[in-house]
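Trainee: Sequence and predicted structure are below.
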Amino acid sequence: MNYVFISPHFPPFYIPFATALCEQGVNVLGAADAPREHLPGALSAALGEYYRVQNMEDYDCYITQEVVPFIRQTCNHEPILALTTGASMGGYHAANFFFRHPHLFNLGRLLQAQA
């Protein structure tokens, strides 16, 4: 299974989730604007692939033109469930990806973070 994490370092409570996914054998892919060397060590180690993106418009191109095709290729073009999820600002971006590219994603889910 592949899990794409956009800005996996923020908020910080995402980091244990990413490391737990890796420990369960999930291939965790990350994309963010921070250099990989600035990520916490455990998070960096949990990410199988990491792409630094310079601005938010690049996120859109990266996800739609590189990540989705990569996942489909990795899954041998078998039917897959592609969904977007996010909390807070990530929820905004998850909805943005879903509504801008409904041909790529089966489901969009917005989460509310609890303090």
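Mentor: Structure received. Numbers count the residues shown, from 1 in each chain.

Trainee: For the chain, which segments count as strands?
Mentor: Counting by DSSP state E, the chain has strands at residues 2-6, 27-32, 47-52, 83-87, 107-111.

Trainee: Please produce TSV containing those strands, extended by distance to C75, mean pLDDT and mean neighbour count.
Mentor: Every C-beta, even on glycine, is put in place using the N, C-alpha and C of the backbone. TSV is the format used below for the strands of the chain (distance: least, CB to CB, whole Å; pLDDT from 0 to 100; neighbours: other CB atoms under 10 Å):
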stretch	distance to C75	mean pLDDT	mean neighbour count
strand 2-6	8	80	20
strand 27-32	11	85	21
strand 47-52	15	88	17
strand 83-87	14	71	19
strand 107-111	16	62	14
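
Trainee: Turn those strands into JSON lines, including distance to F99.
Mentor: As requested, those are exported to JSON lines (distance: least, CB to CB, whole Å):
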{"stretch": "strand 2-6", "distance to F99": "16"}
{"stretch": "strand 27-32", "distance to F99": "19"}
{"stretch": "strand 47-52", "distance to F99": "23"}
{"stretch": "strand 83-87", "distance to F99": "9"}
{"stretch": "strand 107-111", "distance to F99": "7"}
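
Trainee: where does the chain dip in pLDDT?
Mentor: Where the chain drops to pLDDT under 70, the residues are 56-57, 77-79, 87, 107-115.

Trainee: Not counting residues beside it along the chain, what's closest to the residue positioned nearest the centre of the chain?
Mentor: Nearest residue to the geometric centre of the chain (CA atoms, centre = their mean): F5, 2.3 Å. Nearest residue to F5, sequence neighbours excluded (CB to CB, 6 or more residues apart in numbering): G30, at 4.9 Å.

Trainee: same thing with G48?
Mentor: Spatial nearest neighbour of G48, chain neighbours left out: N27 (4.7 Å); criterion: CB to CB, 6+ apart.

Trainee: May I have the longest helix seen in the chain as CSV, with CA atoms only?
Mentor: The longest helix of the chain (DSSP state H) is helix 89-100. The C-alpha trace of helix 89-100 is given here as CSV (Å, rounded to 0.1, in the frame of the first residue of the first chain):
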residue,chain,number,x,y,z
MET,A,89,-5.3,23.7,6.1
GLY,A,90,-4.6,20.2,4.8
GLY,A,91,-8.4,19.7,4.7
TYR,A,92,-8.6,22.7,2.4
HIS,A,93,-5.9,21.3,0.1
ALA,A,94,-7.5,17.8,0.2
ALA,A,95,-10.9,19.3,-0.9
ASN,A,96,-9.1,21.5,-3.5
PHE,A,97,-7.4,18.4,-5.1
PHE,A,98,-10.6,16.4,-5.0
PHE,A,99,-12.8,19.1,-6.5
ARG,A,100,-10.2,20.3,-9.1
